[in-house]
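S.K.: only geometry, no sequence info:
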C-alpha cells in the first residue's frame, strides 16, 4: 500500500433502514478510507440456490467509489445459507460432538464437495461483479478460517490415506505411535478406528496436524479462484486470528499461520484484547509481531475493536492509542469490526464505531482525530520496516501435543508462550516469530523457545548448531521432550538439546506452595516471596552447564532449576520450571545482557512501551506509549527529532511526559 | 370460598400400608379441611391402555366426605405411564438436547396428538367418577404446566405457520429479525431452519413466546373439558410456579401467567422458599402479589413446604408464621406438599407434614395450632381485599430477550426484578404486578419497571402517557432498549421513553470494583463503600432531567447514573446502573416520598414486615411479622384494635413486641 | 507364597527398541523377582481376527525364567482390538451416555456374546502357550474389572428377567419400589422402561446391584476357563481397585469385592495415593485392610505407584516407606505399575520405576534397597497374620443408595466411610472390613458402621443381636434408614436398630455454620471452634440411651447428637451428625476405652503409625512408620526385640527415633 488504510467492516445489508449516503458522509468525516464488505452475507447474495442478487454490493461499490473510499471484498463462504443445509445437510461438519445444527457460522465441513461446489459458484459470481470495479483494492478470502473440528467419515477416510502416504506401513505407525498400548494396534487399514474416540495423544496430535492441513488446502483453493479474477494492483489477504480466551490470546490451535499465509499477497489479522484498566497493549504486540513475521512485511489489521463489549468500551484516549499501537507493530491498515452496532442477533453487544442510534458518540469522535492524523502522517508512517534481533519460536505441533498432555492446573502451550513473550514485551524487546526448522534462524542473535514439546530431531539439531555457531537460546521446561509424533525421546532429557544445554534430568514434579529459587541469579532466594516456582519443576542435573538457580525446597534442593551452558560460540539457557513473572524477567535480563541486547529502550519498562522501525524515507520512527492511567515521564535518549502528532521538536535527553493512555511518535 | 382452606396433597396410592382412616384422623386433629388428590398417579388409574381403576379415588373421596374434608381433584396428565411411552415413543418431547427418555415427569410434547388423546380420555373417565361426588369442591388442571422445551419437527412446523400468520412474509421476517446477519436469511418457507440451532436472539425469543402460547392453549383445552363436568360451586384452578433457583425465585420463563390464568376460576400457586435463618418472607410476598394480580382476587397456595428439605426444616414457630404470611398476601388457602414423606423415589427428602414414620412430630404439632386458628378466625380473615398504589411491571418478553443477552456475570431478568421488588418489600410497600400494555396501569400512583428490555412501541408510549397524566415511573437500566422482536431501537436510547425520562445514552460499560455513586442523592459518595455500582452502567447524558446521581469513576465521572424528569403531571425516574441494595433503597425512598407513598408502615423496615387488607366485614386487618430470631418491638400507629391470635386489645401507639419468627394480626 | 514378591508390570511390547536383556539385568539389580505381563496387549497377541502371535510372551517368559524372575500372566481382555469393534460394533457398551466410541480401554459390554467368544478364544490360546511354562506362578484375570455402566437393550432385557426372578410379580415391584409415584407403575412386563431414564432411586440402586452381579459372573466365568489350565502351585488373582478420586479413595461402587473375589485363590489390589507432603499412608491401610478381609489372608499389591504423576514423585525415602507400609498391612507382594515410563499415549505421565530414558534414577536406586531388604527379610516378613478386634461394616447397597440421595454438599457414602476409618487409622486401631450379614460379625469386639443407609431387616436384626450378646457398635447417622430396596422404613428411625440404640428421631436438618456439640463428651462445647457439626444432623430424642452430646444451636439445642445405649450385654453408640475429625476422634476414643480396646499402640498417634501381626515363626512383628518430614521419637513399650532393617537390638521402653518418612520393623 502506498498510504495508511483506516477502515471499517460495513454491512449495508444489516441496516434497519436505508442510510448508505449518511454512513458514507460520517465515514468521510472520520477519515475512514477503506471498507470491507460481503464476507458475511451469502444468503443475501444468493437467497435461493442459483438465484443471485448482488445489488447491495453494486450499490455500495458505486457509492464508495464516488466517495473515494476503497473497498475490500470478502468471499462470503464462512456462513452458509439455510437453503444449502436444507438441501444438503451433509455440508455440516460432523465433529466429536456429533452432527451439526444449522444456525451459527463456521459449522461446515470445509472438505464437503457440496459446500465447495456452491462456494466456488458464489465466489465466481461475486468476482465477476466486482473484480473490475475501480473501488476494489483487494479481496479477503473467507473469514477467520479454521477446520471447525470436522471429523466425519469422509474426513476420517482422507486421514487414513494421509497416514498411509506419510508413514507407509501400519507397522511403522504401530511402532511410532505406540499403538500396542491398551490394545490399540491397527493391523489392517480397514480397521483404522475413527479419531473421534482416540485416547492416543500421538494420533490425536497427528489428526490435528492433518486438520490444519485441510485449512491450508481450502484457503489455497479459494485464493486460486480469486487469482483468476484479481486485477493488477489488487491483493488477496486473510484475517488470521488467535487462540481465543474471550480475546486474542495466543498461537491459533487450528491453523498453521505460516503455511496457511503462503498463497496470500498480504497477511492480515483480527486482534481483540481487554480494554479499560486491563489494557496493556500486549495482545496488539503479540498478534502484530506474529502476523508481521508470516510474510516479513507490513500487515493489515482487518478487524479490531471499536466499542465492542461493555467491559471493553474504551476510556477516552484509548481508541487513539490503540490505532497507533498497531502502526508501531508494522500494520499498514487499522480497521474496526464494525461500522455500526447490529440491531439483531448474536453480536448485538459487540458494538461498532457507531452505537445502535447511528449518532456521533464519543468513540466515533475520537476516531475522527485518528483518521485525520492517519491522513496527515501517512507518508511518514506507511511501510515501517522493523528488524528484530530476537525471535520467539512457536509451534502448532507443540501446542497440539500439550493439549493432550496438559501441565498441572490445566495450563497449556499458550500459557507458556505468553509467559515468556509478555516479559520480552514489558522489556521493550522487539521480537519476530519463527517456527522450528526456520531457514531464518541464523538471522537472530537470541531465540526464545517456549515449551517446544513436540519437535523433530532435525529442528533440535538445527538449534544445537545455531548455538554452536554463536547464537543464544533460552529454552523453557518441556522443550525437546517428544518427537514430532509426540513420542517421548528415550534418551536423556531434554532430548537432543541436552547436548547444547549441558544438562540432564530424569524426573520432575509439581512444586508445592513454598518452592522457591535460590542461587546465583537469586542471591536472596525466595525469602522475598516473589521468586516462587509454579506448576512444573524439572530436577536438573547439570553436566557442563553453569547453575543460575537451584530449587529452594526441603527435598529437591539438590537440583538445578535454571542453567546456562556455553556450547561452541553461543550459549543455551534452560529454564526448568515455571516461575512468577519477576523471576523470569531476571533470567531474561541476564541473558539479554549476555547477548548484548540490553540497550536504551530497556531502560524503560512497561507500562512505558517503545516500538520502532524505519520508514520509507529511511528515517527511524519511534512510538512511545503509556499503557496506564497515570502520566509517565522519561528521558528521550536518541538524537533530536520531531514528535509527529504534535509537530513539536524533541531534543536528545529531553524529559518527555506521556499522559494517561498517551502516545508519541518521534521521527 | 367462604372459609379458609387448610390443606395437604394426599397420596393414598403411595402409602406403604393401608392407613387412610388413621391419616384422616390425624388430619382432623390438625384442622386440615382440604386435600388435593389424583394429579400424580395416571399409571395407577390407568394401569394399562384403556384399563381404568379409580378405586383409590373413590375410597378417598368417600372417606374424606365422611370426615368433612374437601377434595380438590387434579387431572393426572403431567406424568405419563410407561405403557404410553412404550406404545407411542413420540409423546416424549424432542428438545434442544434431542430425544427424551422415560422416567421423569413433565417430559412429554404437550402438542402430541397421542398424548392429547389419552389425556382427554383419562380426564373424562376421572371426571365421570368424581364430578358429582359431594366431597369435591374443585379441580386442579394438570400440575405446574410448562412447555418442557418441546421443539421437535411437529412443533417446528407449527412455529413456521405461526410465523407466517404473524408476519405475513419472509421479507418482513428477514428484516425484522435481522436474518441477513451471518447469512441466516430465509427466502423460501421450506428452508425455515429448526429453532434448535438458532443463534438469532430475536428468533429465539419469538420461539419462546410461541412455546408459551402452547401452554396457554393446552391449559385452556383441559379447562374446556373439565368445564363440561364442573358442577355449580366447583372451581377450576392451577398451581402456577416460578423461576426455580432451588426455590421460587422470579417470573416463570415458560409460562405467561397472565394469559394462562384466564380460563381458570381461581388462581393458584406453588411457593417454596429458603427457611431457617434464610427465611425472609420475600418469596411468599413476591409470589403472592404476582398470583393475586392475575385475577385481582384471593388465590390458593396449592403447595408450599411443610418439612421439605433438610436445609428447610422449619425452626419452631416458622411453619406458623409462614401460614399467616400467605394469608396476609391474600391467600384463601394454604396447602402443604405434602401430607406424608414418600418412602421411595425422587422426592424422598422433600418431606411432608408427617415424616416417614407417620408419627406426630414437632412440625405436625405446630400445624395443629395453625389449623385451629384458621378455623377460629376464618370469618375474619377470609376474603381479604388488598389495594396497592404501586405496581411492578413484569414481562415474559423482556425475560426471554435477556436470556439471550445476559448481563455481565450471567445475571438475568429476574435478578433485576428481585433486586427492585425486594427493596419495596423491605420497605413494606404493597405491590401489584402488571404487564406492559395493562389497561389497569392508570390505577396506580407509581409503577416500578425492572429491565423492560423487549417491549412494543405502544406499551412504551402508554407509559409516557401515564407519566404525562400524573403517574410516577421508576425504570431500571436496559428498559426500552429493544422492540418486541428484540430488535434494538435505532433511535436515541432509552428508546421512546427517553422522551418522558429526559435523557439519552449511546454507550455503557461494565463497572469496575471502585465505581461508586455521587451527587444529590448520595452527598457522601461511595466513600462509605456501600453506594457502589455493579454489573452494568449506562452513560447517561441528561436532557431535561435532573441528575440524582452521577458515577464516581475516574473516566466516566461526567455521566449521570440516576435521573428524574418531570414530564407533564408526573415524573420518570431512570436508574442507569445496577447498585447495591442500600443505594437502590435510597432512590426508591426518594421517589416514594415524592409520590406521597411514604406512610406509617414505612417507619418499619424488614425484618419487621406489615401486610394489610380489608376483610369481608369491612375491617382493616393488619399482619405484623418478625422475620428474625431476635424479638422486635414497634409502636402500633393505628387506631386501637384487637390482636386476633391472642384476643388481646391493642391501643394506638402501644409498644408491641414480636417474638422470634412471630406474627400478630390486628383488626 | 513362600517368599515376598517384589514386582513390576512389564510391557516388552511397548518398548521403543529391543531391550529385554537390559531390563532384566536392571530388575535383577533391583531385586525385582516377579513381573506381570500380557493383560494389556490383546491386539499384539491377536493382530487380526483369529491370527495369533504370542512371540513376545514366549520371549519374555523364557528370559524371565532364565533370570529366575516369576511371571504372572494376565488375561488380555480389558482392552479390545480395533478389528473387533470394526467387525462387531455391538461389543461396545451402550450406557446412559449412548453408544460408545472405540479408543479407550474398558468400554465393552461384558455380556456381549461376541466379546465373550473372542475373550474365551484369546484366553485359551494364551493359556495353551503359558500354562506349563516354569516361569509362570499364576494368573491375573482381566484388569480392574467393572461393568462399565453397560445398560443397552440386551442388558435391560436381562434386568427385566432378573427382576421377575427376584420379585415374582409386578405388583410386588410396584409396591416395594414405590412405582405409583409420578405415574411410574409397570403393569405389563413388556412396558418395563429402560433404566437409563429412571428417576426412581430404588430401581436405580437395584440396577446397580444387578450390574455388579454381571461383574461377579464375568470374573467367575474367566476364572473357570483359566482353572482348566492352571497347574499345581499356580494361583489366580485379580487386582481389585477402589472408588477413584484421582487416587484410591473408598469402596468400589461398581464391584462387590466380597462376592467377586470368591473364585480367586488370592486377593489382589491396585492402590494409588497422594504422595510428597500429602502422603499419610491412610489409603494403603484402607485398601490393604479391605482386600485382606476378602479372603482373610495375605494379599497381593499388584499395582502401586513408583514415580507416577508429577505431584506424586516420591520424596527420598518415601518409596521405601511405602513398600513396607503394604507389608505391614499384610501384603505378600508389592508390585509397581510399571517398570518403564511409556513413550506414547494416554499414560505418558504415569511414570514407572524407570523414566523414559531407562537410566538408573533416584527412585530406581531406592527400589534397589527395598529389593535387597525384601530378599533378606523374606522369611521373617512373609505370611504375616493379623487379627483385628474391630471391624468396619461396608456395603455396596448403602453406597448405591446414597449415590441417589446424596448428603448436602454432594457428599456420598465413601465420605462417611473414610471419615470414620481415617480416625481409627490415626489411632492405630487395627481393622477388618465386613459386609452386613457377615457370619464373622461375632468375631469382633467393636463394629463401626458408617452410613448403613440401605440394608435388610435381617442384617439390622443381626446387629441388634450382636449388641445384645455383648458386642459394641458405633453407628453413624443415616444407618438403618431404608431397606435393601431403598424404601424408607416407616417405623421410627433409625429403623430396627432404634431398639438397640434406645433412640428415635423424626426429622433432621443441614447444620448452619455455628452448630456445635456440647454435653458429656464435650464439656467445653463448641467454644473451642473444633467440635462443630457439618453436613447433616438428626434430631435425636433419647429413649433409654444416654446422651453423649447435644447440639449447641439456638433452635435445635433440645436434641441429642450422640448417644449410647446399653442393650443386653453390649452397647450401641449412635452418632447422629457429621462432625469435624477431632469430635469424631473423641467419640471413638470414648467407645474404644469402654470396649477395652485402648492399648499401648493408642498412646501413639498419626503421623506415627504402628501395624503388627504374627509371622510364620509365631513372632510378633511390629512396623513403625513416620508419615511426616520431621523426625519423631517414641518409647517402645513392648518386650525387647530386634529392629530388622538395621539389625539393631531394641530394649523395652527404649526411646526410638524415626527419621522423615522413616520405617522400623521390630521383631
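M.R.: Yes, it's here. None of these values were measured; they are calculated from a predicted model.
S.K.: how about stretch A:342-354, does it reach chain B?
M.R.: Yes - Stretch A:342-354 reaches chain B (C-beta under 8 Å from any C-beta of the partner chain) through A:342-349, A:351. C-beta here means a position set from N, CA and C on the backbone, and glycine is covered the same way.
S.K.: From these, which land in helices?
M.R.: Within these, no residue falls in helices by DSSP state H.
S.K.: Next, work out how far apart residue A:167 and chain B are.
M.R.: 38 Å (C-beta to the nearest C-beta, to the nearest Å).
S.K.: Quick check: phi and psi at that residue.
M.R.: phi -110, psi -10 (degrees, to the nearest 10).
S.K.: so it sits right up against residue A:173, yeah?
M.R.: Yes - assessed by C-beta atoms under 8 Å, residue A:167 is found in contact with residue A:173 at 5.0 Å.
S.K.: Of the two, give the one with the bigger neighbour count.
M.R.: residue A:173 (23 against 17; other C-beta atoms under 10 Å in any protein chain shown).
S.K.: helices or strands next to the helix or strand hosting that one in the packing?
M.R.: Per DSSP states H and E, residue A:173 falls inside helix A:170-176. Packing contacts for helix A:170-176, counted by 3 or more C-beta pairs under 8 Å, 6 or more residues apart in numbering or on different chains; DSSP states H and E, involve helix A:153-167.
S.K.: Would you mind giving both backbone torsions of the residue of the stretch 251-400 of chain A found nearest chain B?
M.R.: Residue nearest to chain B within the stretch 251-400 of chain A (C-beta to the nearest C-beta): residue A:344, separated by 2.6 Å. In this entry, residue A:344 is assigned phi and psi values of phi -130, psi 170 (degrees, to the nearest 10).
S.K.: Surely it is in contact with residue B:486?
M.R.: Yes - using C-beta under 8 Å, residue A:344 is in contact with residue B:486, at 7.0 Å.
S.K.: Quickly list what's touching both of the two.
M.R.: Listed as contacting both residue A:344 and residue B:486 by C-beta atoms under 8 Å, 6 or more residues apart in numbering or on different chains are B:201-202.
S.K.: okay, those two: which has more neighbours?
M.R.: Neighbour tally, residue A:344 and residue B:486, criterion other C-beta under 10 Å: the higher count belongs to residue B:486, 30 against 25.
S.K.: Contact partners for the more buried one?
M.R.: Contacts for residue B:486 (C-beta under 8 Å, 6+ apart) come out as A:344, B:201-202, B:205, B:401, B:404-405, B:453-454.
S.K.: Including pLDDT, secondary structure and distance to chain C, could the residues you listed go into JSON lines?
M.R.: Conversion of these to JSON lines gives the following (pLDDT from 0 to 100; DSSP: H, G, I helix; E, B strand; the rest coil; distance: C-beta to the nearest C-beta, whole Å):
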{"residue": "A:344", "pLDDT": "96", "secondary structure": "coil", "distance to chain C": "35"}
{"residue": "B:201", "pLDDT": "98", "secondary structure": "helix", "distance to chain C": "30"}
{"residue": "B:202", "pLDDT": "98", "secondary structure": "helix", "distance to chain C": "33"}
{"residue": "B:205", "pLDDT": "98", "secondary structure": "helix", "distance to chain C": "30"}
{"residue": "B:401", "pLDDT": "98", "secondary structure": "helix", "distance to chain C": "33"}
{"residue": "B:404", "pLDDT": "98", "secondary structure": "helix", "distance to chain C": "29"}
{"residue": "B:405", "pLDDT": "98", "secondary structure": "coil", "distance to chain C": "32"}
{"residue": "B:453", "pLDDT": "98", "secondary structure": "coil", "distance to chain C": "35"}
{"residue": "B:454", "pLDDT": "98", "secondary structure": "strand", "distance to chain C": "35"}
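S.K.: Quick check on those residues: which are buried?
M.R.: Among the contacts of residue B:486, those that count as buried by neighbour count (16 or more other C-beta atoms under 10 Å in any protein chain shown) are A:344, B:201-202, B:205, B:401, B:404-405, B:453-454.
S.K.: can you pull the buried residues of the helix holding residue A:173?
M.R.: Buried residues in helix A:170-176 (16+ other C-beta under 10 Å): A:170, A:173-176.
S.K.: what number of residues lie near residue A:523?
M.R.: Neighbours of residue A:523 (other C-beta under 10 Å): 7.
S.K.: Look at it and report its pLDDT.
M.R.: Turning to residue A:523, the model gives it a pLDDT of 85.
S.K.: Quick check: the gap between it and chain C.
M.R.: Look at residue A:523 and chain C: by C-beta to the nearest C-beta, they are 26 Å apart.
S.K.: Looking at the stretch 551-667 of chain A, what residue ends up closest to chain B?
M.R.: residue A:629 (6.4 Å).
S.K.: measure that residue to residue B:514 for me?
M.R.: According to C-beta to C-beta, to the nearest Å, residue A:629 stands 12 Å off from residue B:514.
S.K.: contacting residues for residue A:380?
M.R.: A:615, A:617, A:619, A:621, A:644, A:667.
S.K.: Kindly report the same for residue A:214.
M.R.: Contacts of residue A:214 by C-beta under 8 Å, 6+ apart are A:110-111, A:147, A:150, A:155.
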